[in-house]
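Engineer: sequence unknown, structure follows:
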């Protein structure tokens, strides 16, 4: 019987017990696979003593740490389900995740004790049966691993909620396994001598599914940092000899603003994912000689879906590549029929990494899973070689004067303006045009809105260029760097009449 993802640690402990598995930067602790296996067993025993059984839900609320991963694997060893919680949520939002998932144990760090208490107060009563300190040292107890089937739930990963109330995506042990295989076989590959930093939040599927789990599956080393500081991060890359690294675009962009980067001779490849990466960021790192790649994924895909190999990153700039080894992808019309080369269609995907559905939401699951294909809600085009370029989220598409405008295309153009540090393009209701293309910009210097609009009109069709430009100090983003366009639409709809230009 399969032991699920916890079996990965046990098998590595048998084969290479002395190999380094986890490095915790905050505490200085370094754990071999043999040590990690013992600590995972103790975490499982602690949860079992609290009454956690197969199928039970264990919520994690804390910053990145080695202990965070130990609790996740400990729950998996019991056949229980981990519920990672975004620690940037408000107490009521944390309460929603706890209540929706039915978690009976909340493992939380000292840093978020107040958040946990406020969330539990919102719920009232004994909705969560036990509260555990995340960083407490495990004892010497052990518990026998319980049988786990590949299609058993492993994690309920709540979606980022960029379009509404977060939903719990149920990811199985097989989802995690096949995602790891996809990552291990992509690009230059991942092996037992590789080292990465889990810098993005582990409550996000990007850090968990693209950094931590594939490296531990392969027998490599995961360096865990509690938060991301660009200067400290690049020093850590050099000090730990990091060989492969995932970050979201906002984090890569932060590195481009550093005055210099240390020599990183060990770094074999870097990958960006979680949101479209500005071409200017890709060009910055490829100019340094890096093997810089881009991928596309979603929580519901565990998350790896499409991958742009390093050899194609410049010749197919702006594309998110082709499907991973064990993923099928199509672009389809509203009628579900395949669209032709160069035509816009919705990206639908199939494979062993497709999630089991949304927790306790059968109708919403049925809306996105049809005949084994997952409807992503993303619009894209493909070329004759099968490379997919995403043009935007289906819900974000702007219709102005009867013309379709894809904000991602406009954003890529505006990113090239020297005074634009960050940008989001949205549609704002307009009595004449239906919607007005509106650019919300973070400026890096003195910015003339008329000049920026003219800059865009020189490079794309006039109907695509923004007719209105708003300058802000920062854009609303979630913890993983994704733009919260819903927030921007709410902010600007009905405020001021669109400026006719």
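Structural biologist: Received the coordinates, thanks. Please read all numbers here as calculations on a predicted model, not as lab measurements.

Engineer: pLDDT weak spots in this protein?
Structural biologist: 1, 160-165, 394, 402, 432, 479-481, 494-501 (pLDDT under 70).

Engineer: just the buried residues of stretch 178-185, please?
Structural biologist: For stretch 178-185, burial by neighbour count (16 or more other Cβ atoms under 10 Å) applies to 178-184. (Each C-beta comes from the backbone N, C-alpha and C, glycine too.)

Engineer: with stretch 317-335 instead?
Structural biologist: Buried, per 16+ other Cβ under 10 Å, within stretch 317-335: 317-324, 327, 329-331.

Engineer: end to end, how far does that stretch reach?
Structural biologist: 30 Å (Cα to Cα, to the nearest Å).

Engineer: swap in stretch 129-136?
Structural biologist: 18 Å.

Engineer: now do it: distance to the chain's middle.
Structural biologist: 26 Å (Cα atoms, centre = their mean, to the nearest Å).

Engineer: and for stretch 420-435?
Structural biologist: With Cα atoms, centre = their mean, you get 26 Å for stretch 420-435.

Engineer: list the contacts of that stretch.
Structural biologist: Residues outside stretch 420-435 that contact it (Cβ atoms under 8 Å, 6 or more residues apart in numbering) are 396-402, 405, 407, 410-411, 414-415, 436-444, 447, 452, 466-468, 474-475, 483, 485, 488-489, 492-494, 498, 500.

Engineer: among those residues, which lie within helices?
Structural biologist: Among the contacts of stretch 420-435, the residues falling in helices (DSSP state H) are 407, 410-411, 414-415, 452, 485, 488-489, 492.

Engineer: tell me the one of the residues you listed nearest residue 133?
Structural biologist: residue 485 (37.5 Å; Cβ to Cβ).

Engineer: and residue 100, its phi and psi?
Structural biologist: In this entry, residue 100 is assigned phi and psi values of phi -70, psi -40 (degrees, to the nearest 10).

Engineer: hmm, I was thinking of residue 120
Structural biologist: The phi/psi pair for residue 120 (degrees, to the nearest 10) is phi -70, psi -40.

Engineer: pull the contacting residues for it.
Structural biologist: 95, 98, 106, 127-128, 131.

Engineer: which among those count as buried?
Structural biologist: 95, 98, 106, 127-128.

Engineer: quick one, strands of the stretch 301-450 of the chain?
Structural biologist: 304-308, 322-323, 328-332, 345-350, 357-358, 369-370, 373-382, 388-393, 398-400, 403-405, 420-430, 434-443 (DSSP state E, counting those that start in this stretch).

Engineer: from the buried ones among the contacts of residue 120, which two are the most distant?
Structural biologist: It's 95 and 106 that sit farthest apart of those, by Cβ to Cβ, at 10.8 Å.

Engineer: show me which of the ones in helices among the contacts of stretch 420-435 is closest to residue 8.
Structural biologist: Looking across those and measuring by Cβ to Cβ, the closest to residue 8 is residue 485, at 37.3 Å.

Engineer: residues near the closest one, how many?
Structural biologist: Using other Cβ atoms under 10 Å, residue 485 has 22 other residues around it.
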